[in-house]
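K.L.:
Sequence plus the predicted model coming up.
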2 protein chains.
Amino acid sequence: MSKGYVHVYTGNGKGKTTAALGLSMRAVCAGKRVFFGQFIKGLEYSELKCTEFTDNLEIEQFGRGCFIEKAATEEDISAAVKGLERLKEILKSGSYNIVVMDELNIALYFKLFSVEEALAAIKGRAENVEVIITGRYAPEEIINIADLVTEMKEIKHYYNEGIEARKGIEF
Amino acid sequence: MSKGYVHVYTGNGKGKTTAALGLSMRAVCAGKRVFFGQFIKGLEYSELKCTEFTDNLEIEQFGRGCFIEKAATEEDISAAVKGLERLKEILKSGSYNIVVMDELNIALYFKLFSVEEALAAIKGRAENVEVIITGRYAPEEIINIADLVTEMKEIKHYYNEGIEARKGIEF
């Protein structure tokens, strides 16, 4: 049985979720079906509207917003655990050619569930399902099972100049 | 007059053009207009079909395909020079909120035109036009004028395992 590849986009620079979105749209343009699951995030990101363009892209959010820099609550954990269960089913179903696990690395970093649980979900995927994992702080176990890893490294960022995230550019 | 920001996505890892595409789609979802110019490239990339989803995204190619690793011909140079002229007009017009100069760094690396000409086009942009530059080997002059630079660094790549580029994933 041939497994699809596992991509990891990690690092502290801008472009990880954005690359996953670009990859998803390219895939949709080639007739593939994409499921885009977002851990942590629960805000009204502009990209959610991309689903209006095509039936081949589905986006679901498994978070309540951005708790990063603070501690995760029981509610954050419960949302993430449910999200992982959902993705496990999606991965196993084979109904999607590409499954994005957006911010999985962050969910692991904050110990919303264990890396073993995440690996089990990924390894249980149906034939030829390609998995896209994003988020800074990718743990070694995730890097090890990946076929492709890009580190998005911040060289310069306008956030450091006090510029805030802007609609249509960052979210 | 306030200029839009200049983003640079460079480095040897996968995700540069893909991030530019993701950013473009997010922007389109937020009601912005995007012009996506591609140097070097002239092949039938899947992403060209993204223009069918919305009138707010235009993609134009200024190349004949992939000559990389070989020498650029007169024809390659002429296509790139015309492309830069086109982008200069587009940037100046203010008709687009975001202008992508995909593979600009590669065009500069192969000296298809001078970095001074590229800088003049970028600096001549209308108010609030955001510029997205991609391609490995970003020259210092481009890094210097950028507000945001991410280096996409290859940590692992399946190409190194002999796997070829696949439709809907890489192109």
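P.N.:
Now that the structure is in, tell me what you want to look at. Please read all numbers here as calculations on a predicted model, not as lab measurements.
K.L.:
And the longest helix along chain A, what does it pack against?
P.N.:
In chain A, taking DSSP state H as the definition, the longest helix is helix A:74-93. Using 3 or more C-beta pairs under 8 Å, 6 or more residues apart in numbering or on different chains; DSSP states H and E as the contact criterion, the secondary-structure elements in contact with helix A:74-93 are strand A:34-39, strand A:57-62, strand A:98-102, helix A:104-109, helix A:115-123. The way it works is simple: take the backbone N, C-alpha and C, and place the C-beta from them, glycine included.
K.L.:
between those, which gets nearest to chain B?
P.N.:
Using C-beta to the nearest C-beta as the measure, strand A:98-102 is the one of the helices and strands packed on helix A:74-93 that comes nearest chain B, at 8.1 Å.
K.L.:
Which strand residues bridge the residue nearest the centre of chain A?
P.N.:
Taking C-alpha atoms, centre = their mean, the centroid of chain A lies closest to A:Asp102, which sits 1.0 Å from it. Beta bridges link A:Asp102 to A:Gln38 when assigned by DSSP bridges.
K.L.:
Next, the contact list for it, please.
P.N.:
When contacts are counted by C-beta atoms under 8 Å, 6 or more residues apart in numbering or on different chains, A:Asp102 touches A:17, A:20, A:36-39, A:41, A:132, A:134-135.
K.L.:
I'd like these written out as a markdown table, with pLDDT and neighbour count added.
P.N.:
Conversion of the contacts of A:Asp102 to a markdown table gives the following (pLDDT from 0 to 100; neighbours: other C-beta atoms under 10 Å in any protein chain shown):
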| residue | pLDDT | neighbour count |
| --- | --- | --- |
| A:Thr17 | 96 | 25 |
| A:Ala20 | 97 | 29 |
| A:Phe36 | 97 | 25 |
| A:Gly37 | 97 | 22 |
| A:Gln38 | 96 | 25 |
| A:Phe39 | 96 | 27 |
| A:Lys41 | 86 | 21 |
| A:Ile132 | 98 | 27 |
| A:Thr134 | 98 | 27 |
| A:Gly135 | 97 | 24 |
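K.L.:
which of the residues you listed lies closest to B:Gly83?
P.N.:
For these, the residue nearest B:Gly83 by C-beta to C-beta is A:Ala20; the value is 28.0 Å.
K.L.:
helices or strands up against the host helix or strand of the closest one?
P.N.:
Counting by DSSP states H and E, the element that carries A:Ala20 is helix A:16-29. Packing partners of helix A:16-29 (3+ C-beta pairs under 8 Å, 6+ apart): strand A:6-10, strand A:34-39, strand A:57-62, strand A:98-102, strand A:130-134, strand A:148-156, helix B:16-29.
K.L.:
tell me the angle that helix makes with strand A:130-134.
P.N.:
Relative orientation of helix A:16-29 with respect to strand A:130-134: 160 degrees, computed using axes from the mean of the first three to the mean of the last three C-alpha atoms, to 10 degrees.
K.L.:
A:Glu58 touches A:Val34, doesn't it?
P.N.:
Yes. Counting by C-beta atoms under 8 Å, A:Glu58 touches A:Val34, with 7.2 Å between them.
K.L.:
Which neighbours do the two have in common?
P.N.:
With C-beta under 8 Å, 6+ apart as the test, A:Glu58 and A:Val34 both reach A:Tyr96.
K.L.:
So those two - more neighbours on which side?
P.N.:
Each of A:Glu58 and A:Val34 has its neighbours counted (other C-beta atoms under 10 Å in any protein chain shown); A:Val34 has more, 27 against 16.
K.L.:
I'd assumed A:Asp55 was in contact with the more buried one.
P.N.:
No. No contact is recorded between A:Val34 and A:Asp55 when judged using C-beta under 8 Å, the distance being 10.7 Å.
K.L.:
re the thing from before, which one of the helices and strands packed on helix A:74-93 has the most crowded surroundings?
P.N.:
With neighbours taken as mean count of other C-beta atoms under 10 Å in any protein chain shown, those reach their highest mean count in strand A:98-102, at a mean of 27.
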